[in-house]
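Student: Below are the sequence and a predicted model; questions follow.
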Amino acid sequence: MSGLISATTSAADKRSAFRASLISEKITRLPGAINPLTAKLIQEIGFEGVYVSGGAFSAALGLPDIGLTTLTEVAAHSAQIARSTDLPVLVDADTGFGEPMSAARTVTVFEDAGLAGLHLEDQVNPKRCGHLDGKAIVPTDEMVRRLRAAVSARRDPNFVICARTDAAGIDGIDAAIDRARAYADAGADMIFTEALHTHADFEKFRAAVDIPLLANMTEFGKSQLIPAQVLEAIGYNAVIYPVTTLRLAMGAIEKGLRVIHEEGTQETVVDQMQTRSRLYELLDYERYNEFDSGVFNFTLSRSQ
Ligand SMILES: C[C@](O)(C(=O)O)[C@H](CC(=O)O)C(=O)O
Ligand SMILES: [Mg+2]
């Protein structure tokens, strides 16, 4: 039974593993999980961590990524993901769901949700996707207050507080570097260097800041899609693929729905689907039999 309904690794162990991987030579790769099932796949394939994207979560709710989701919604969604995996889970906390006091509460709620860390950004409310034009940021000292509040609320010293700066796209990369240094001084464990453009930008940031750095390899944005091994060689410590699984899934869903609409059957796309047996394997369906033989009652007559 152990490890079936929820993963066995404790939140404390996931957090210390995350800390260790951020200071190792190797880059920590965190694809976004749109649900617990995706998190299981991320673990099985061999990634080092899981990301919960604010953009993907809002989109799944049919909403734009402009800070409409609440702390309790994001916490409940990420807790379900954290429960399903032995990997550390990093969550997108947007601007902290309010003023500095709320950012502090956000940390405690996300610790209770079993997460390994969060990132807080220096945008104003309403925030927007970091790869869009027209975003605005708060003054450095306001973000420093946000971060200090978050850091002071932390009960597990291994819970990672990552500061995201959106300044590069507004005030330029030098201003973003100045902010990153101020955020590190305020106690941030890692800097999320949002919306840098080129390989050279990532190198410049790495040379200028001493603490771990996180790269955002989101598609259709401002950043060049740099392979993980290249980011690792530059000295980046973590990379997220935040909305990738949502985009892949939605691309396939749209194609499949159009086929059914036009052809009256899904027959021609069945070979692109995850099979029933693969799904059951991922769910570890068979092991539920050890728990209750009345549960495991399916048979497959042919390979599906
Ligand atoms: C990382 C991000 O904050 C997210 O919510 O996943 C987004 C990603 C995106 O919209 O592509 C971002 O602002 O970069
Ligand atoms: Mg976001």
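Tutor: Good, I have the coordinates. Keep in mind that this is a model prediction, so the values were computed, not measured. Ligands and ions are numbered 1, 2, ... in the order given.
Student: Would you map the strands across the stretch 201-304 of the chain?
Tutor: 213-216, 238-241 (DSSP state E, counting those that start in this stretch).
Student: same question, the stretch 1-150 of the chain
Tutor: Under DSSP E, counting those that start in this stretch, the stretch 1-150 of the chain gives strands at 28-31, 50-52, 89-92, 117-121.
Student: Residue 219: neighbouring residues, count only.
Tutor: 13 (other CB atoms under 10 Å). C-beta: built from backbone N, CA, C; applies to glycine.
Student: Close to ligand 2: what parts of this structure are there?
Tutor: Neighbours of ligand 2 within the chain, by CB under 5 Å from the ion: 54, 55, 92.
Student: Tell me what the residue lying closest to the first one once chain neighbours are set aside is bridged to.
Tutor: When the adjacent residues along the chain are set aside, residue 54 lies closest to residue 92, with 3.9 Å between them (CB to CB, 6 or more residues apart in numbering). When bridges are taken as DSSP bridges, the partners of residue 92 come out as residue 119.
Student: Contact partners for residue 212?
Tutor: Neighbouring residues of residue 212 by CB atoms under 8 Å, 6 or more residues apart in numbering: 22, 23, 189, 190, 191, 237, 238.
Student: mind checking how far it is from residue 234?
Tutor: 13 Å (CB to CB, to the nearest Å).
Student: Residue 82 is nearest to which of the strands of the stretch 201-304 of the chain?
Tutor: strand 238-241 (15.9 Å; CB to CB).
Student: so, if you compare the contacts of residue 212, which one comes nearest to ligand 1?
Tutor: residue 238 (12.3 Å; CB to the nearest ligand atom).
Student: Just list the residues touching that closest one, thanks.
Tutor: Per CB under 8 Å, 6+ apart, neighbours of residue 238: 22, 27, 28, 29, 30, 49, 90, 190, 212, 213, 214, 215.
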